[in-house]
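J.: A predicted structure for the sequence below; I have some questions about it.
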Amino acid sequence: MINLLDRARSFAGRKALISNGNSYSYEQLLTASKNVASNLLSGKTDLKEERITFLVPPSFEYTAVQWGIWSAGGIAVPLCVLHPLPSIQYVLEDTQATRIIAHEAFLDFLRPLEKELGITLLSLQQILNDNDTKMPSITSDRRAMILYTSGTTSKPKGVVTTHATIEAQITTLVKAWEWEPDDSILNILPMHHVHGIINVLSCALWSGACCEFLPKFDAEKVWKAIASGRLTLFMAVPTIYYKLISYWEKAPLKDQKILSMAASNLRLMVSGSAALPVPVLEKWRAITKQTLLERYGMTEIGMGLSNSYRGERRPGHVGLPLPGVAMRLVNSKNKPVGENEPGEFQIKGPSVFKEYWQKAEATRKAFTEDGWFITGDIAVLNNGLYKILGRDSVDIIKSGGYKISALEIEDVLRTHEIVEDCAVVGLPDAEWGELVSACIVTKRESVDSMVLTNWLKEQLPAYKIPRKYIFRPELPRNVLGKVTKNELKKLF
Ligand code: MLC
Ligand code: AMP
């Protein structure tokens with residue numbers, strides 16, 4: 001993402017980041033990322049797409065590491081700070097990374113992997129030490145980042161983007177939402193997904209604007225930041241708006257007025273990563289006078305469609321394709337459908353990813369013969385704007401904005417001694433979008449679901465752990481023996 005760094009030089013004295021209570025200029029960010037790059041290169045002239053994994057909370061240091069890897073010619077692989085060791089190990093093995101940069105707080109946690117995988121653990125302190133080496137020249141077609149996303153296969157796949165892809169993903173949003181140097185945004189999203197990385201952090205830094213990090217979502221702290229008057233923009237998943245509304249509803253009347261007034265002053269508030277329920281949009285509008293701008297995206301494509309910044313923002317709709325994004329809706333025979341006819345979104349354009357990391361077959365299957373990326377999302381053109389109707393697979397769950405594979409959770413559950421068989425589904429939920437829920441077939445007469453929950457916590461991050469269980473002697477199946485998940489949902 002070398003143009004991002006070139007642009008940063010022209011903003012040198014401006015405030016780039018607020019992190020852990022400190023402000024950092026673009027110049028400080030460039031210096032820190034040069035240190036990271038030089039320490040990574042350590043005598044080499046170019047990392048030549050070496051995968052550099054890093055486990056660093058959202059912060060100035062996170063950004064310096066990301067930019068340092070890019071400057072040195074590496075591929076940035078951000079790890080999730082909420083993941084248990086097996087999930088981290090999976091990414092390290094899949095990317096064949098030999099180095100991991102970690103915040104001091106994670107060093108002991110990662111130590112077992114040093115021995116088991118022979119990986120080199122680098123502390124933030126080590127990697128940020130003053131150092132100055134000549135940087136390689138990087139062409140925009142080189143691989144820049146791998147983000148892991150769940151799909152219809154059990155294990156997450158690594159989505160590879162190049163410097164050019166990332167630039168296209170950023171610039172379409174900067175244009176559509178009219179980012180400016182005087183903008184200021186709060187980042188409360190995890191930094192291993194496109195929403196936080198591209199839409200918030202990278203768009204801000206491309207524009208010479210300021211991004212303020214909160215290491216973790218906290219409704220009170222978000223409202224405080226909004227009330228400070230510093231922010232011009234805010235972007236989040238629907239669950240976060242739901243939680244902000246709950247906080248506001250419990251606040252004393254005089255505080256409600258202050259919070260509402262402050263939120264009404266932002267120039268733009270965006271929702272995405274999951275369907276924004278119309279009641280949430282309406283409640284937010286009643287509280288803040290802001291009509292949330294809903295947009296649609298995916299790890300593989302960046303952002304695809306958006307409601308209008310200056311024109312209509314229609315509740316329950318995701319708008320029209322963003323600048324530079326080609327989109328079509330097709331039926332099961334891959335033929336474009338007409339207005340009011342449901343079809344599947346297919347996307348083409350410079351913001352579409354390059355490949356799934358070392359999965360040639362999965363990459364091939366993800367595209368049509370004529371190069372359209374097959375999203376799996378079903379939509380309809382309704383009176384001039386697109387509306388998402390659902391997904392083509394019941395095995396993909398969206399909870400709190402995270403994409404979760406039911407198959408991955410089932411595979412883990414089946415390794416527990418009390419589980420004979422199981423099926424995982426997403427149940428509609430006002431707060432989380434969908435709630436991960438599991439039907440377990442077990443030989444035992446009585447089972448305490450807490451046993452499973454506590455055991456799962458060591459294998460999977462909290463957002464993948466089922467919140468509801470039912471225990472049944474068998475799973476509902478069709479004549480072919482396949483579990484009928486839509487029938488199963490009715491059993492809960
Ligand atoms: C956490 N909890 C859940 C849960 N996640 N319960 C049910 N369902 C879930 N999905 C529980 C925890 O176990 C805990 O319970 C309690 O909620 C608080 O946990 P937490 O981790 O502190 O949660 P919180 O910080 O409130 O998390 C909510 C959130 C988070 C919305 C901030 O889910 C989040 O950051 N989501 C954003 C994900 C994202 O960025 N997606 C973008 C993907 S890219 P207990 O009992 O222990 O208290 C993409 C493309 C695009 O989609 O278009 O953008
Ligand atoms: P991810 O793989 O985490 O990037 O998630 C991408 C998926 O999130 C898409 O394929 C959609 O199913 C879903 N998604 C993103 N934005 C929206 C939206 N505004 N409405 C409905 N679904 C969305």
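T.: Thanks, I have the structure now. Computed from a predicted model, the values in this text were never measured in an experiment. Ligands and ions are numbered 1, 2, ... in the order given.
J.: what about Pro86, how many neighbours?
T.: 11 (other CB atoms under 10 Å). For every residue, glycine as well, the C-beta is placed using N, CA and C.
J.: Ligand 1 contacts on the chain?
T.: Within the chain, the residues that sit near ligand 1 (CB under 6 Å from any ligand atom) are 189-190, 193-196, 216-217, 237, 239-240, 272-273, 297-299, 399-402, 432, 435, 462-463, 467.
J.: can we see that at 5 Å?
T.: Residues of the chain found near ligand 1 (CB under 5 Å from any ligand atom) are 189-190, 193-195, 217, 237, 239, 272-273, 297, 399-402, 432, 462-463, 467.
J.: Show me where the protein dips below the pLDDT cut-off.
T.: Within the chain, the segments meeting pLDDT under 70 span 1.
J.: what's the distance between the residue nearest the centre of it and Glu220?
T.: Nearest to the geometric centre of the chain sits His193, at 2.6 Å (CA atoms, centre = their mean). As judged by CB to CB, to the nearest Å, His193 and Glu220 stand 24 Å apart.
J.: and what of Lys333?
T.: 52 Å.
J.: When the two are compared, which one has more neighbours?
T.: Shown here are Lys333 and Glu220; by other CB under 10 Å, Glu220 has more neighbours (10 against 5).
J.: Now the residue of the stretch 1-150 of the chain found nearest ligand 1: phi and psi?
T.: Proximity of the stretch 1-150 of the chain to ligand 1 (CB to the nearest ligand atom) peaks at Leu82, 6.6 Å away. Note on Leu82: backbone dihedrals following degrees, to the nearest 10 are phi -100, psi -10.
J.: wait, isn't it in contact with Pro461?
T.: Yes. With contact defined as CB atoms under 8 Å, Leu82 reaches Pro461; the gap is 4.7 Å.
J.: Comparing the two, which shows the higher neighbour count?
T.: Applying other CB under 10 Å to Leu82 and Pro461 shows that Pro461 carries more neighbours, namely 17 against 14.
J.: wait, what's in contact with the more buried one?
T.: 80, 82-84, 87 (CB atoms under 8 Å, 6 or more residues apart in numbering).
J.: Asn331 too?
T.: By CB under 8 Å, 6+ apart, the residues touching Asn331 are 337, 341, 343-344.
J.: Farthest pair within those?
T.: Glu341 and Glu344 (11.4 Å; CB to CB).
J.: which of these two has more neighbours?
T.: Neighbour totals were compared for Glu341 and Glu344, and Glu344 leads with 20 against 11 (other CB under 10 Å).
J.: Could you give the bridge partners of the more buried one?
T.: Assessed by DSSP bridges, Glu344 has beta-bridge partners Val330, Ile378.
J.: just checking, it touches Val330?
T.: Yes. Contact criterion CB under 8 Å: Glu344 and Val330 qualify, at 5.7 Å.
J.: hang on, Arg9 in a helix?
T.: Yes. Under DSSP: H, G, I helix; E, B strand; the rest coil, Arg9 sits within a helix.
J.: can you map out the strands along the stretch 101-250 of the chain?
T.: Ranges of strands in the stretch 101-250 of the chain, per DSSP state E, counting those that start in this stretch, are 120-123, 143-149, 157-162, 184-187, 210-213, 233-236.
J.: The second one near ligand 2 at all?
T.: When you say that, I think you mean strand 143-149. Yes. Part of strand 143-149 sits near ligand 2 under the criterion CB under 5 Å from any ligand atom, namely Thr149.
J.: which secondary structure elements does that strand contact?
T.: For strand 143-149, the elements it packs on are strand 75-78, helix 85-95, strand 157-162, helix 163-176, judged by 3 or more CB pairs under 8 Å, 6 or more residues apart in numbering; DSSP states H and E.
J.: The second one to strand 143-149, inter-axis angle?
T.: Yep, that's helix 85-95 we're talking about. On the basis of axes from the mean of the first three to the mean of the last three CA atoms, to 10 degrees, helix 85-95 is oriented at 140 degrees to strand 143-149.
J.: sorry, back to before: need the helices and strands packed on strand 143-149 in JSON lines (columns: distance to ligand 2).
T.: Below are those laid out as JSON lines (distance: least, CB to the nearest ligand atom, whole Å):
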{"stretch": "strand 75-78", "distance to ligand 2": "14"}
{"stretch": "helix 85-95", "distance to ligand 2": "15"}
{"stretch": "strand 157-162", "distance to ligand 2": "8"}
{"stretch": "helix 163-176", "distance to ligand 2": "12"}
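J.: Which among these is found nearest to Thr139?
T.: The stretch from these with the least distance to Thr139 (CB to CB) is helix 163-176; that distance is 7.8 Å.
J.: follow-up on the earlier one: so what sits against both of Glu341 and Glu344?
T.: With CB under 8 Å, 6+ apart, Glu341 and Glu344 have common neighbours 329, 331.
J.: circling back: show me which pair in the contacts of Pro461 is furthest apart.
T.: It's Cys80 and Pro84 that sit farthest apart of these, by CB to CB, at 9.8 Å.
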